[in-house]
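S.K.: I need the structure of the sequence given here:
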Amino acid sequence: MQAMHDDIYTSLFEIVSFFNRPKQDKVLLKRAGVSLDTALFPLLMRIHVHISLSIGELADQVDRDYSTISRQVDKLIAGGLVVASHKVSDKRIRQVILTKQGLAIVKQVASARQKMMHEALGTWDNDQLIKLHESLEHLATTLKSVIVASK
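M.R.: The predicted model follows:
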């Protein structure tokens with residue numbers, strides 16, 4: 001059983017490494033026809049997925065310094081991709097959300113990503129895709145519960 005856990009970890013490590021490579025982001029952005037600094041791309045995508053994030057939450061998710069993320073968010077604001085507002089309950093906290101322009105870029109990226117995934121998984125049959133999806137959903141739920149429990 002331990003060997004299987006190690007094999008699963010190794011596979012996950014390779015998958016995460018693939019998706020965390022700035023080169024991969026550059027390819028995806030190019031295929032989407034989007035010009036964006038690759039350092040800003042993960043922030044934009046996280047803001048989209050979570051709908052609204054504070055600078056601190058964003059810094060925690062990407063494991064970077066608050067001041068670095070704050071400067072990068074300022075670049076996204078200057079580019080018209082996100083807007084920031086102060087949280088009603090605590091004016092010290094800036095929340096960021098996508099603008100229409102930011103959402104349009106996310107949609108372009110999603111379209112390019114879908115095409116790339118179709119190319120990568122084009123030889124898989126529907127049953128294999130369903131099993132992969134179900135397994136990944138189960139894994140994501142399990143890992144989220146472990147992370148929450150460890151806090």
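S.K.: Helix or strand: which one has Val83?
M.R.: strand 82-86 (DSSP states H and E).
S.K.: any idea of the mean pLDDT in that strand?
M.R.: Strand 82-86 shows a mean pLDDT of 92.
S.K.: Tell me where the protein has helices.
M.R.: Applying DSSP state H to the chain gives helices spanning 2-20, 22-32, 41-50, 55-62, 66-78, 100-121, 126-150.
S.K.: among the ones you listed, which is nearest Val88?
M.R.: helix 55-62 (16.0 Å; Cβ to Cβ). The C-beta positions use only the backbone N, C-alpha and C, and glycine is treated the same way.
S.K.: buried ones in that closest one?
M.R.: 55, 57-59, 62 (16 or more other Cβ atoms under 10 Å).
S.K.: what's it packed up against?
M.R.: Applying 3 or more Cβ pairs under 8 Å, 6 or more residues apart in numbering; DSSP states H and E, one finds that helix 55-62 contacts helix 41-50, helix 66-78, strand 94-98.
S.K.: if we go to 6 Å?
M.R.: helix 66-78 (3 or more Cβ pairs under 6 Å, 6 or more residues apart in numbering; DSSP states H and E).
S.K.: what's the distance between the helix it packs on and the middle of its chain?
M.R.: Relative to its chain's centre, helix 66-78 lies at 17 Å (Cα atoms, centre = their mean, to the nearest Å).
S.K.: swap in stretch 121-134?
M.R.: Remark: stretch 121-134 is offset 22 Å from the chain centroid, using Cα atoms, centre = their mean.
S.K.: Show the average pLDDT along it.
M.R.: 96.
S.K.: Just the C-alpha atoms of it, please, in CSV.
M.R.: C-alpha atoms of stretch 121-134 as CSV (Å, rounded to 0.1, in the frame of the first residue of the first chain):
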residue,chain,number,x,y,z
LEU,A,121,-6.9,13.5,-23.9
GLY,A,122,-8.3,12.9,-27.4
THR,A,123,-7.5,9.2,-27.5
TRP,A,124,-9.2,8.6,-24.2
ASP,A,125,-12.7,7.1,-24.3
ASN,A,126,-15.7,8.6,-22.4
ASP,A,127,-15.5,6.0,-19.6
GLN,A,128,-11.9,6.8,-19.0
LEU,A,129,-12.6,10.5,-18.9
ILE,A,130,-15.5,9.9,-16.4
LYS,A,131,-13.3,7.8,-14.2
LEU,A,132,-10.5,10.4,-14.3
HIS,A,133,-13.0,13.2,-13.4
GLU,A,134,-14.6,11.2,-10.6
